[in-house]
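Q: Sequence first, predicted coordinates after that:
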Amino acid sequence: MGEKPIIVGVEIHEFEYKLPNLGTDYNGFNIIYEPGHTLTRRACAVKMHTSTGIVGETLSSSAELATWPMFIHYLLGKNALERETLYLDIKRALRQMARVGIGPLDVLLWDIAGKHYGAPIWELLGGTSRPLPCYASTYHGDDQPGGLSSPEAYADFAAQCLGMGYPAFKIHGWGNAPVQREVATVHAVGQRVGGQMDLMLDPACELKRFGDALKVGWACDEERFFWWEDPYNDGGISQFGHRKLRQLVRTPLLQTEHVRSLQPHVDFALADATDFVRGDIGYDGISGVIKLAHAAEGLGIDIEFHGAGPAQRHCMTAIRNTNYYEMGLLHPKAPASSIPVYLNYRDGLDAIDANGCVYAPDGAGLGVELDWDYIMKHRTDGCEYR
Ligand SMILES: [Mg+2]
């Protein structure tokens, strides 16, 4: 395919964006519904320039990009198509930094590859375009009138999502996770829509004790939840703790959202500490989660991708052993939490078709266009390497 795209420069632009009717709860970082308040957030848009004029683009965060000065000069002059070599070299370079930063780099290389070959990433991965069933993934609970402020409010929202076509619904409960309220929510949602849609629970590590997790897990058993995820405050990373939970609770566990890189994921599964494996593209890149998807296939189990975004859609489209796309975070009265800077792509409560499905973009690479006018107008910081 002619001339190779050699990496010649990288631009990082941090910018602000605003989400209306949202705020944060007790800890300052769980996002929740807050009518009348506007939440100001920051993200980074990254461009990787190549010698052929192809430019890779993706979104990330300042935290994830903080390690880039450690390896950026190694990248300059390299062939962007040699993803595997670059991935393994950077993985080693970042071994003392918890491998933070490898995810967005790898996504950029895949975007460049897709643009080089004139194909969407799912096609480079050998996929067949298909509908991707979604679950409605809620914000954390709030205490606002008309919000996700009671077990019944969650049941109402689940019924609304079912009516819109969603085949599945995932509860993120309240900050500080009052155990009885979590249990009541599992029952309220299960009794309202159980049997009509798959149900999931994600306490997001808010439950303080292993014992709290057991009580909530047993409620999931009673309502036949499809999975539960990151139940308690170990941070989602204890293999021993989750193996014990699996011995005591029947609902399938979905762990490893907060485990980075391939080998610890596989170790987690081999320790009998999870039923589904979680893959996070922001952590491990497209290469990392596809390696994990194949490892899971070899173990006869499924991978579920964390969060919404074009890269997740490409990866889901390319593999067999996955169930649901995480549409979120969602609320009956607040906008989705996704960064609103795409010109031709959107996630959100109503971004599904009548069957509750979405599709991966068809354009080359990620197949999405960033709104650079908006990004540059709201730029707060940035840097450039050449
Ligand atoms: Mg989660």
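A: Sure thing, it's come through. All values reported here derive from a predicted model rather than from experimental measurement.
Q: ok and the residue in the stretch 1-150 of the chain nearest the ion?
A: Nearest residue of the stretch 1-150 of the chain to the ion: Ser137, at 8.1 Å (CB to the ion). For glycine as for every other residue, the C-beta is placed from the backbone atoms N, C-alpha and C.
Q: The stretch 151-300 of the chain: strands as residue ranges?
A: Remark: strands assigned in the stretch 151-300 of the chain by DSSP state E, counting those that start in this stretch are 168-171, 198-201, 227-229, 253-255, 276-279.
Q: Let me fix that, I meant to ask about the stretch 1-150 of the chain.
A: With strands called from DSSP E, counting those that start in this stretch, the stretch 1-150 of the chain shows them at 7-24, 31-50, 55-60, 132-138.
Q: Could I get the ones you listed in JSON lines, plus columns for distance to Trp68, mean neighbour count and mean pLDDT?
A: Shown next, in JSON lines, are the strands of the stretch 1-150 of the chain (distance: least, CB to CB, whole Å; neighbours: other CB atoms under 10 Å; pLDDT from 0 to 100):
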{"stretch": "strand 7-24", "distance to Trp68": "7", "mean neighbour count": "18", "mean pLDDT": "97"}
{"stretch": "strand 31-50", "distance to Trp68": "9", "mean neighbour count": "18", "mean pLDDT": "97"}
{"stretch": "strand 55-60", "distance to Trp68": "10", "mean neighbour count": "22", "mean pLDDT": "98"}
{"stretch": "strand 132-138", "distance to Trp68": "29", "mean neighbour count": "24", "mean pLDDT": "98"}
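Q: okay, these in TSV with distance to Arg99 next?
A: What follows is the strands of the stretch 1-150 of the chain, written out as TSV (distance: least, CB to CB, whole Å):
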stretch	distance to Arg99
strand 7-24	19
strand 31-50	17
strand 55-60	14
strand 132-138	25
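Q: if we can go back for a sec, which of the strands of the stretch 151-300 of the chain sits most buried?
A: Greatest average neighbour count among the strands of the stretch 151-300 of the chain goes to strand 168-171 (a mean of 28), per mean count of other CB atoms under 10 Å.
Q: ok, and does it reach over to the ion?
A: No: when contact is scored as CB under 5 Å from the ion, no part of strand 168-171 falls within range of the ion; the minimum is 8.3 Å.
Q: follow-up on the earlier one: as CSV, the strands of the stretch 151-300 of the chain with mean pLDDT and distance to Lys208 would be great.
A: Below are the strands of the stretch 151-300 of the chain laid out as CSV (pLDDT from 0 to 100; distance: least, CB to CB, whole Å):
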stretch, mean pLDDT, distance to Lys208
strand 168-171, 98, 18
strand 198-201, 98, 16
strand 227-229, 98, 16
strand 253-255, 98, 18
strand 276-279, 98, 22
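Q: Now do the contacts for Gln191.
A: Ala155, Glu223 (CB atoms under 8 Å, 6 or more residues apart in numbering).
Q: distance of it from Arg99?
A: As judged by CB to CB, to the nearest Å, Gln191 and Arg99 stand 43 Å apart.
Q: rewinding a little: dump the strands of the stretch 151-300 of the chain to CSV, plus distance to Arg386.
A: Formatted as CSV, these follow (distance: least, CB to CB, whole Å):
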stretch, distance to Arg386
strand 168-171, 43
strand 198-201, 45
strand 227-229, 42
strand 253-255, 41
strand 276-279, 33
